[in-house]
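Trainee: 3D model of this:
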Amino acid sequence: MMEDRLATLLKAAGRAHHAAYAATDGADPEWPIWYTDHIIDEARGVLDVPGLTKSQLIAALVDADLAYQEQHPDQPWWEFYADAFAVRLGRRS
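Mentor: Sure thing, here's the model as predicted:
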């Protein structure tokens, strides 16, 4: 399932981001840019959107984060974001 593959990609990126920013306990106000640079190539394949731009991915990350913070869902952030990406990009499987 595409959402599962994307959730796995996001979770791994989260671990890598936290390690990269260990000195600040993962704090990074520009995290959407870091995540985008880290996952863009794989995300294009997982989402089957070869023309996915960095700007689109950054916007999707920001929107998913805002929705997550607002809704406080009872699921890990990486699963919520994957679902939000699928809906946003019309790729719900």
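Trainee: Output the below-cut-off pLDDT ranges for this structure.
Mentor: 26, 90-93 (pLDDT under 70).
Trainee: what are the phi and psi angles of the residue in it sticking out farthest from the centre?
Mentor: Note on the chain: the largest C-alpha distance from the chain mean falls to A23, namely 22.1 Å (Cα atoms, centre = their mean). When read as degrees, to the nearest 10, the backbone of A23 gives phi -60, psi -30.
Trainee: next one: the one 5 residues further on
Mentor: Dihedral angles phi and psi of D28 (degrees, to the nearest 10) take the values phi -160, psi 100.
Trainee: Could you double-check that it sits in contact with A19?
Mentor: No - applying Cβ atoms under 8 Å as the test, D28 and A19 come out as separate, 11.9 Å apart. The C-beta positions use only the backbone N, C-alpha and C, and glycine is treated the same way.
Trainee: okay, these two: which has more neighbours?
Mentor: Taking neighbours as other Cβ atoms under 10 Å, D28 and A19 compare with D28 leading, 15 against 9.
Trainee: Return the distance of the more buried one relative to Q71.
Mentor: 23 Å (Cβ to Cβ, to the nearest Å).
Trainee: Could you do W31 as well?
Mentor: Applying Cβ to Cβ to W31 and Q71 gives a distance of 19 Å.
Trainee: more neighbours, those two?
Mentor: Set W31 next to Q71 and count neighbours by other Cβ under 10 Å: W31 wins out with 18 against 10.
Trainee: In space, what's closest to that one - neighbours in sequence excluded?
Mentor: H17 (6.5 Å; Cβ to Cβ, 6 or more residues apart in numbering).
Trainee: Can you give me the separation between the one you found and D4?
Mentor: Per Cβ to Cβ, H17 is found 20 Å from D4.
Trainee: out of these two, which sits in the busier spot?
Mentor: Using other Cβ under 10 Å, the more surrounded residue of H17 and D4 is H17, with 16 against 12.
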